[in-house]
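Student: Here is a sequence together with a model predicted from it:
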Amino acid sequence: ESSLKLERISLPWRRIMKQWYQRRVRVHNTVDDYFRDLNNRISVQFCDKNNPGDPGFHVVLNQKMTYNEVAEVVANCIDTEPNLIQFFKPQSHRDIAGYAIKSHFEGTLKDLFISYGQRTKSPKKLFYLKLNI
């Protein structure tokens, strides 16, 4: 009976570790693909728009990811659905959320930061809002 109890407890951990492994491991067809992926990685800080004191969390993403792909990664981090997240760019003169980024933004993450003036090597930051629909 105790082994059955232990097995039930370990099942969620197995699922969590499997999901973590699937997110961390990227399949590359060639060495060039691996280094291209390595070169396109970017660390982005996500902060809650409604909580000014929120330190946020950092996620390493690929600059070639689309809005929907970023929303999926952030949704996994904050335990919600990707279509229930709205992103906001930071204001340039203050450390608060600025204009909303449209969910139908068709560029890549790199395009997003270039279009909102975050071209330098400074830390990249976006704000998010969990929608209650």
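Tutor: Sure thing, it's come through.

Student: tally of neighbours for F87?
Tutor: 21 (other C-beta atoms under 10 Å). Every C-beta, even on glycine, is put in place using the N, C-alpha and C of the backbone.

Student: so after the helix or strand hosting it, what's the next helix or strand?
Tutor: Element membership of F87, judged by DSSP states H and E, is strand 85-90. The helix or strand immediately downstream of strand 85-90 is strand 97-101, counting by DSSP H and E.

Student: tell me the average confidence for that next one?
Tutor: What strand 97-101 shows for mean pLDDT is 85.

Student: which parts of it are buried?
Tutor: For strand 97-101, burial by neighbour count (16 or more other C-beta atoms under 10 Å) applies to A97, I101.

Student: ok, now stretch 48-68?
Tutor: For stretch 48-68, a neighbour-count test (16+ other C-beta under 10 Å) marks D48, K49, V59, L61, N62, Q63, M65, Y67 as buried.

Student: The fifth one pairs with what?
Tutor: Think N62. R41 (DSSP bridges).

Student: any low-confidence regions in this structure?
Tutor: The chain contains residues with pLDDT under 70 at 1-28, 115-122.

Student: Verify the contact between F87 and K125 for me.
Tutor: No. Taking contacts as C-beta atoms under 8 Å, F87 lies outside contact range of K125: 10.8 Å.

Student: joint contacts of those two?
Tutor: Shared contacts of F87 and K125 (C-beta atoms under 8 Å, 6 or more residues apart in numbering): none.

Student: As a check, name the ranges of all strands in this structure.
Tutor: For the chain, the strands defined by DSSP state E occupy 41-48, 57-62, 85-90, 97-101, 124-130.

Student: which one of the ones you listed lies closest to G107?
Tutor: The closest of the strands of the chain to G107 is strand 97-101. By C-beta to C-beta, the value is 10.2 Å.

Student: could I get the buried residues of stretch 48-68 as TSV with distance to D32?
Tutor: Below are those laid out as TSV (distance: C-beta to C-beta, whole Å):
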residue	distance to D32
D48	38
K49	39
V59	25
L61	20
N62	15
Q63	17
M65	19
Y67	27
